[in-house]
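*Asks:* how does the following fold in three dimensions:
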Amino acid sequence: MKEWRFNDPKATTLLMSQITLLKGTIFEWQEVIERIRLTFELKEYDLFESEEKIHVDDYYLSILSNSDDYYSSNLKDSKDSLMALFKAYLELSPFYKNLVESWEELQEEVELLSQELGYSAEVRLDDYKKNIIEDHLKWKSTKGNALEEMLQQIKLTKKSKPDKRHIFILISPEKTLNDKELLKLNDQLQQLPGYFIVVSDFSFSSSQNILYNDQIINQASVMSYKHTISTLLPFVFSENKFENSLKWYINSVDKSNGNIIKLSLSSVDNLEELIYVFIMTYVTQLPFTVDYTGIPEGYKKYIESVIESEV
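*Replies:* This is a model prediction of the structure:
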């Protein structure tokens with residue numbers, strides 16, 4: 001996993017991997033999607049991975065939306081580009097050249113026939129124009145299921161820009177795919193080159209980003225506090241416990257739906273993990289409450305003392 005930092009006014013930072021999940025709906029993430037679009041399409045913002053600037057010109061951004069709340073013309077643009085390339089190759093075909101030549105011969109035949117029949121008004125055949133063929137070139141494919149169509153969209157887009165590295169933003173795939181198909185999509189995306197940013201409520205195998213009251217929360221947003229967390233713990237710091245608790249922290253923020261985060265023993269596997277999650281929530285300054293049910297008196301006093309203190 002890696003961090004992508006945009007130098008936009010909100011200093012947008014996303015935790016990225018081959019599949020990157022923006023958990024939620026396009027309504028929640030629309031502003032972030034727009035910042036990404038402005039970065040790659042209009043070069044309005046710079047983008048950094050660690051301290052290294054990413055050359056956005058090397059990438060092609062495609063937004064494939066399954067939501068009525070977001071319109072994207074990327075698929076149409078890709079098809080138009082591929083069709084233009086197809087027409088250019090078609091004009092090189094000897095059959096196409098023969099057609100143009102035959103058309104000219106047919107013009108002469110029409111002129112002669114018109115003269116022979118002696119019509120008062122002369123009949124003529126217009127000059128050959130490309131649209132005579134182009135208007136009858138159509139995309140035609142066997143109607144497949146929604147998953148196949150989505151993967152076909154990705155394939156077409158890549159073919160239209162073969163010289164670019166690709167970033168796809170898939171918006172609300174759950175609008176057209178069921179859970180079984182979403183799992184298959186997850187497996188397929190992991191095997192494809194490129195970056196896939198998915199806006200969805202479905203839990204993809206991905207680096208996860210959650211929007212909490214206009215603040216992007218992910219594992220990286222906690223890592224910078226790792227030393228502080230280790231000093232605040234009432235027991236010896238454990239790397240494994242920290243990593244496991246980090247997942248519970250993300251889960252707790254996700255389940256809160258933007259409301260006050262509720263911490264309890266029942267929300268984690270054991271007491272140590274609860275303490276880790278409590279400290280993570282505290283140092284990242286997210287609002288929370290603690291259900292003390294089942295928590296020993298000594299740890300209850302410890303939690304209360306941390307809340308009353310300042311980091």
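*Asks:* where do the strands sit along the protein?
*Replies:* Remark: strands assigned in the chain by DSSP state E are 2-6, 13-16, 19-23, 47-49, 52-53, 59-65, 165-171, 195-200, 207-212, 215-217, 261-263, 288-290.
*Asks:* burial count for the closest residue to Ser264 other than its chain neighbours?
*Replies:* Take Ser264 and drop its neighbours on the chain: the residue closest to it by C-beta to C-beta, 6 or more residues apart in numbering is Asp291, 3.7 Å away. Every C-beta, even on glycine, is put in place using the N, C-alpha and C of the backbone. Residues contacting Asp291 under the criterion other C-beta atoms under 10 Å number 13.
*Asks:* so how far is Val56 from Asp291?
*Replies:* Applying C-beta to C-beta, to the nearest Å, the value for Asp291 to Val56 is 46 Å.
*Asks:* just Lys140 next, same as before
*Replies:* Per C-beta to C-beta, Lys140 is found 35 Å from Val56.
*Asks:* between these two, which is the more surrounded one?
*Replies:* Between Lys140 and Val56, counted using other C-beta under 10 Å, Val56 has the larger neighbour count: 17 against 5.
*Asks:* verify the contact between the more buried one and Lys43 for me.
*Replies:* Yes: judged on C-beta atoms under 8 Å, Val56 makes contact with Lys43 at a distance of 6.3 Å.
*Asks:* quick one: contacts of stretch 43-53?
*Replies:* For stretch 43-53, contacts defined as C-beta atoms under 8 Å, 6 or more residues apart in numbering pick out 2-8, 16, 35, 38-39, 54, 56-57.
*Asks:* could those residues go into TSV alongside pLDDT?
*Replies:* Formatted as TSV, the contacts of stretch 43-53 follow (pLDDT from 0 to 100):
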residue	pLDDT
Lys2	90
Glu3	92
Trp4	94
Arg5	93
Phe6	95
Asn7	93
Asp8	92
Met16	94
Arg35	95
Leu38	95
Thr39	96
Ile54	95
Val56	94
Asp57	94
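*Asks:* tell me the pLDDT at the spatially closest residue to Arg165 that is not a sequence neighbour?
*Replies:* Of all residues not flanking Arg165 in the chain, Tyr59 sits nearest, at 5.0 Å (C-beta to C-beta, 6+ apart). Note on Tyr59: pLDDT of 94.
*Asks:* give me the neighbour count for Tyr59.
*Replies:* Number of residues near Tyr59 (other C-beta under 10 Å) recorded here: 17.
*Asks:* contacts only, for the nearest residue to Ser267 once chain neighbours are set aside.
*Replies:* Counting by C-beta to C-beta, 6+ apart, Ser267 lies nearest to Ser252, which is 6.1 Å off, once chain neighbours are set aside. The neighbourhood of Ser252, defined by C-beta under 8 Å, 6+ apart, consists of Ile261, Lys262, Leu263, Ser267, Val277, Thr281.
*Asks:* which of these scores worst on pLDDT?
*Replies:* pLDDT across the contacts of Ser252 is lowest for Ser267, at 88.
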